[in-house]
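only geometry, no sequence info:
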């Protein structure tokens, strides 16, 4: 699983010109499912995202996790894009869409079980996402590199 996590002041997903979901302060989590991903990868990513101490304390030191804030979870297979063989990305490592369609609801459900304020994008939709990145603070996780 590849994940890009952004600390945001706000974020919004629009699908077909209509606001699908939005959050205030929290984390915008882009998550890509890969062929070999399993429940262990999911557990690792969820734990890491929920425990990342990326929010500042009174001194501005990154000391707090997402607790008390929101998460916007967005499926983004393009994180698996591989440019090693040219200028156009290859997506060979991405989980096939038929499998991903079954796995993605488990991702959402497991995040929701562990965090009370989870919103999502729309799986396999053309989404327009806007955010105000706080910092900017952007982090990259890869469950295969744990």
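Looks like it came in fine. As the structure is a computational prediction, the values presented were derived from the model and not from experiment. Numbers count the residues shown, from 1 in each chain.

model confidence for the residue sitting furthest away from the middle of the chain, exactly?
In the chain, counting by CA atoms, centre = their mean, residue 59 sits farthest out from the average C-alpha position, at 27.5 Å. The per-residue pLDDT reported for residue 59 equals 96.

check for me that it belongs to a strand.
No - counting by DSSP: H, G, I helix; E, B strand; the rest coil, residue 59 is not part of a strand but coil.

roughly how far apart are it and residue 50?
Per CB to CB, to the nearest Å, residue 59 is found 23 Å from residue 50. Where you see a C-beta, it was placed from the backbone N, CA and C, and this is true even at glycine.

check the offset of the strand ranked longest in the chain from the chain's centre.
Looking across the chain with DSSP state E, the single longest strand is strand 127-142. When C-alpha coordinates are averaged (CA atoms, centre = their mean, to the nearest Å), strand 127-142 and its chain have centres 9 Å apart.

okay, now the sheet partners of it, with direction.
Applying DSSP bridges, strand 127-142 is found paired with strand 2-15 (antiparallel).

and the helix ranked longest in the chain, what does it pack against?
Scanning the chain for the helix with the most residues, using DSSP state H, yields helix 97-114. The criterion is 3 or more CB pairs under 8 Å, 6 or more residues apart in numbering; DSSP states H and E, and the helices and strands that helix 97-114 contacts are helix 39-51, strand 70-75, strand 118-120.

and those: which comes nearest residue 137?
Nearest to residue 137 among those is helix 39-51; the distance by CB to CB comes to 13.4 Å.

and the closest one, average pLDDT?
98.

low-confidence ranges, the protein, go.
Scanning the chain for pLDDT under 70 picks out nothing.

so the longest helix of the chain versus helix 39-51, what angle?
Orientation check (axes from the mean of the first three to the mean of the last three CA atoms, to 10 degrees): helix 97-114 against helix 39-51 gives 40 degrees.
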